[in-house]
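K.L.:
sequence? don't have it. structure:
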């Protein structure tokens, strides 16, 4: 007896969205519809070219259906709607983006799907949770995700991907105190997690996702901000000069001021993450492996060092890529939310406020340029 396919809609067909649409399709358990806006014509004509260390070299790949808009896709019920857009609330809030699914005739005709948010940053779920709740059809089913993946678009339909993709899934709730999922919540998580696992992704299910996303945000606040503001990728902090002239690479730490970087720059990055740790304690996240261990700043630095001392390290943080391409940054959900929560809980985060203030200038100029196009 064949398994009935689940209809899945994926919104946001950038690098992360493309990889997860591939994973869903590889599961053989999902019928995948994607919404491609800026790259619709190219993807519809030529498909996607994946260059992946994990999934291989795949040319001309297409999902089951490609739509230009969510309105076009809103012609059937979906079990899951995955949102893989960048979260830039200055431009579009999630309920506005998903309005065709949250209003008549769709909301009257079909049951609301489970929404799965594959987005960086903090509190990205709040607006959507409130919008679904306002429909008066029961408790919203919002799954939030912390995604660890190295991928980017090298051109509008070429996705470069490394050798891993890991995703942690949890139910979004308005409080941060849950220690167990209800049976219904666990079933929801295992169902979408099962699709992703079958497609090849590494999936972890947790009872409380907000602390997981808070922990993941350490790297983005510290290292993505540094890279975007300096214009140099992370190896510029850690990687020694090439030993073999036949294997050149850049950037690397020049011996001229290497000691100063180790004495001043690395401790400053650690201090940023220590501010996050202090805020996490104020939010109630415990000092253990399921919360925020006190060693987390050192662990993040050392794991980052281990990766980026390697000669082949070439990854660019997505925020840095966006800045280089003149695309809006996720500054509000990565740093702005930290600053606002810190003020709400009377926690001083002067270093993070400085990073936020500087990145606001970068964001302002990017948005200003968009207005004149």
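P.N.:
Sure thing, it's come through. All of these numbers come straight from a predicted model, not from anything done at the bench.
K.L.:
residue 291: what's it in contact with?
P.N.:
Going by CB atoms under 8 Å, 6 or more residues apart in numbering, residue 291 touches 211, 280, 285. C-beta coordinates here come from the backbone N, C-alpha and C atoms, glycine included.
K.L.:
and it, that's in a strand?
P.N.:
No: secondary structure of residue 291 (DSSP: H, G, I helix; E, B strand; the rest coil): coil, not part of a strand.
K.L.:
and the pLDDT for it?
P.N.:
Looking at residue 291, its pLDDT reads 86.
K.L.:
counting neighbours, what do you get for residue 271?
P.N.:
Close neighbours of residue 271, defined as other CB atoms under 10 Å, add up to 14.
K.L.:
that one and residue 351, how far apart?
P.N.:
6 Å (CB to CB, to the nearest Å).
K.L.:
would you mind confirming that residue 362 makes contact with residue 228?
P.N.:
Yes: assessed by CB atoms under 8 Å, residue 362 is found in contact with residue 228 at 6.8 Å.
K.L.:
shared neighbours of the two, anything?
P.N.:
Counting by CB under 8 Å, 6+ apart, the residues touching both residue 362 and residue 228 are 323, 329.
K.L.:
okay, these two: which has more neighbours?
P.N.:
Neighbour count, other CB under 10 Å: between residue 362 and residue 228, residue 228 has more, with 24 against 16.
K.L.:
I'd like the next helix or strand past the helix or strand the more buried one falls within.
P.N.:
Using DSSP states H and E, residue 228 sits in helix 225-230. Using DSSP H and E, the helix or strand that follows helix 225-230 in sequence is helix 235-238.
K.L.:
list the buried residues in the helix holding residue 228.
P.N.:
Of all the residues in helix 225-230, those buried under the rule 16 or more other CB atoms under 10 Å are 225, 226, 227, 228, 229.
K.L.:
for the residues you listed, which one is nearest residue 346?
P.N.:
Lowest distance from residue 346 to the buried residues of helix 225-230 (CB to CB) belongs to residue 225, with 23.2 Å.
K.L.:
I figured the closest one hits residue 360, correct?
P.N.:
No: with contact defined as CB under 8 Å, residue 225 does not reach residue 360; the gap is 11.5 Å.
K.L.:
ok, now which ones touch residue 190?
P.N.:
So residue 190 contacts residue 205 (CB under 8 Å, 6+ apart).
K.L.:
part of a helix, is it?
P.N.:
Yes: under three-state DSSP, residue 190 falls within a helix.
K.L.:
from now on call the first residue 39
P.N.:
Done: numbering now begins at 39, and the last item shifts to residue 228.
K.L.:
tell me the confidence at it?
P.N.:
What the model reports as pLDDT for residue 228 is 98.
K.L.:
if we can go back for a sec, figure out how far the helix holding residue 266 is from the centre of its chain.
P.N.:
In terms of CA atoms, centre = their mean, to the nearest Å, the centre of helix 263-268 is set 18 Å apart from its chain centre.
K.L.:
helices and strands around that helix, which ones?
P.N.:
helix 356-363, helix 388-409 (3 or more CB pairs under 8 Å, 6 or more residues apart in numbering; DSSP states H and E).
K.L.:
how about the first one, which residues are buried there?
P.N.:
Going back to what we said before, that points to helix 356-363. The neighbour-count check on helix 356-363 (16+ other CB under 10 Å) flags 356, 357, 358, 359, 360, 361 as buried.
K.L.:
one more: stretch 321-334?
P.N.:
Under the neighbour-count criterion of 16+ other CB under 10 Å, stretch 321-334 has 321, 323, 329, 330, 331, 334 buried.
K.L.:
and the last one, what does it touch?
P.N.:
Right, residue 334. The contact partners of residue 334, taken as CB under 8 Å, 6+ apart, are 253, 256, 311, 315.
K.L.:
number of nearby residues for the last one?
P.N.:
Applying the criterion other CB under 10 Å, we find 19 residues in the vicinity of residue 315.
K.L.:
state the distance from the most centrally placed residue in the chain to residue 173.
P.N.:
Central residue of the chain (CA atoms, centre = their mean): residue 158, 3.3 Å from the mean position. As judged by CB to CB, residue 158 and residue 173 stand 27 Å apart.
K.L.:
right, and residue 178 touches residue 164 too?
P.N.:
No: with contacts counted by CB under 8 Å, residue 178 stays clear of residue 164, the gap being 10.9 Å.
K.L.:
the two: which has the busier surroundings?
P.N.:
Between residue 178 and residue 164, counted using other CB under 10 Å, residue 178 has the larger neighbour count: 20 against 15.
K.L.:
pLDDT (mean, whole number) over stretch 402-409?
P.N.:
Mean pLDDT, computed over stretch 402-409, is 94.
K.L.:
who touches it?
P.N.:
Where contact means CB under 8 Å, 6+ apart, the residues beyond stretch 402-409 that reach it are 128, 129, 360, 361, 364, 365, 366, 367.
K.L.:
for stretch 211-226, same thing?
P.N.:
If you take CB under 8 Å, 6+ apart as the criterion, stretch 211-226 is touched by 152, 167, 179, 181, 209, 227, 243, 245-246, 248-249, 321-323.
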